[in-house]
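Colleague: below is the sequence, then the predicted model.
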Amino acid sequence: MDLFARHKELLNLIGQKKRITVTELSEALAVSEVTIRKDLNRLAHQGYLRREHGYAVLLESADVANHLSFNHERKAAIARLAAASVCDGETVMIESGGCCSLLAEELVKTHRHITIITNSAFIAAYIRRQNDAHIILLGGEYQHDSQVVVGPMLRRCVEGLKVDKIFIGTDGRDDTGFMTNDAARAKATQTMAAHARNIVILTEAAKFHQEGRIPLVSYADIAMVYTDDGLTASEQEEMRERNVPLTLAHCR
């Protein structure tokens, strides 16, 4: 396993456990603890994690670039699946998040004449070098960590707009629907969603085990959920019982 692959697997393991010992990482990757400590020091310096004595700890950050580092293959598989639902020449709204950022990239790489309306400055910058990228960046109050815009100005920016689909990320769910951890972002997303005919959720299966703080979208309003095959049989059955359409990306 080369250095890049090892770092990617390290980040995946830390993302799953949130807090993991150096010994566990050494055993999982079959390398010495000395090597693991060097890797962790480098990744901590790059801002991907925090070091504690004998442990590596996931950074709880809204930074999208940080989120992209974890479970990248699963996020990319979900994005590819969702991109197949979009036609050439279509205009879509895309909210912030790791899966959503990779969806935007996939669309401008594989589709022609796509227009992306977003409140994510990160997404706008992430795909800016693609030749066929047509981006409409909404205005509003800028959140530095998440790199999105929110607030009353955003509401005025979307007036008169209508698209077929909006793609939304999530921080978790409860008995009523999917959730987020930021009230201002929840309001901005709901404002955008009011101008879309179909609300589409993009999320890793791991988020089904988490619960956010703020309601985002109810199950009844969801047109499709794209997630990965880490979803358990009972979770799939629950979505069927709630009449939530579900499409799984095969990652194993």
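Modeller: Ah, there it is.
Colleague: just checking, residue 226 touches residue 204?
Modeller: No: the pair residue 226 / residue 204 is not scored as a contact, 10.1 Å apart, by Cβ atoms under 8 Å. The way it works is simple: take the backbone N, C-alpha and C, and place the C-beta from them, glycine included.
Colleague: between the two, which contacts overlap?
Modeller: With contacts defined as Cβ atoms under 8 Å, 6 or more residues apart in numbering, the residues shared by residue 226 and residue 204 are 78, 99.
Colleague: now residue 97. Nearest residue, chain neighbours left out?
Modeller: residue 169 (2.6 Å; Cβ to Cβ, 6 or more residues apart in numbering).
Colleague: which strands and helices lie in contact with the helix or strand residue 186 falls within?
Modeller: Assigned by DSSP states H and E, residue 186 falls within helix 183-193. Other elements packing on helix 183-193 under the criterion 3 or more Cβ pairs under 8 Å, 6 or more residues apart in numbering; DSSP states H and E are strand 141-143, strand 148-150, helix 152-158, strand 163-168, strand 214-218.
Colleague: in JSON lines: those, plus distance to residue 231.
Modeller: Converted to JSON lines, the helices and strands packed on helix 183-193 look like this (distance: least, Cβ to Cβ, whole Å):
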{"stretch": "strand 141-143", "distance to residue 231": "30"}
{"stretch": "strand 148-150", "distance to residue 231": "27"}
{"stretch": "helix 152-158", "distance to residue 231": "32"}
{"stretch": "strand 163-168", "distance to residue 231": "18"}
{"stretch": "strand 214-218", "distance to residue 231": "18"}
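Colleague: single out the most deeply packed of these.
Modeller: Neighbour counts (mean count of other Cβ atoms under 10 Å) averaged over each of these peak at strand 148-150, with a mean of 25.
Colleague: contact partners of it?
Modeller: 95-96, 119-122, 137-143, 184-185, 187-188.
Colleague: filter those residues to the buried ones?
Modeller: Buried members of the contacts of strand 148-150, scored by 16 or more other Cβ atoms under 10 Å, are 95-96, 119-122, 137-138, 140, 143, 184-185, 187-188.
Colleague: identify the residues contacting the residue nearest to residue 97.
Modeller: 95, 96, 97, 98, 99, 100, 201, 202, 203.
Colleague: tell me which of the buried ones among the contacts of strand 148-150 is nearest to residue 33?
Modeller: Residue 33 lies nearest to residue 122 out of the buried ones among the contacts of strand 148-150, by Cβ to Cβ, at 35.1 Å.
Colleague: and the closest residue to residue 134 other than its chain neighbours, how close does it get to residue 246?
Modeller: Excluding the flanking residues, the one nearest residue 134 by Cβ to Cβ, 6+ apart is residue 115, at 4.6 Å. Between residue 115 and residue 246 the distance, using Cβ to Cβ, to the nearest Å, works out to 27 Å.
Colleague: tell me where this structure has helices.
Modeller: Using DSSP state H, the helices of the chain run over 3-17, 22-29, 33-45, 64-68, 72-83, 98-110, 121-126, 152-158, 183-193, 233-241.
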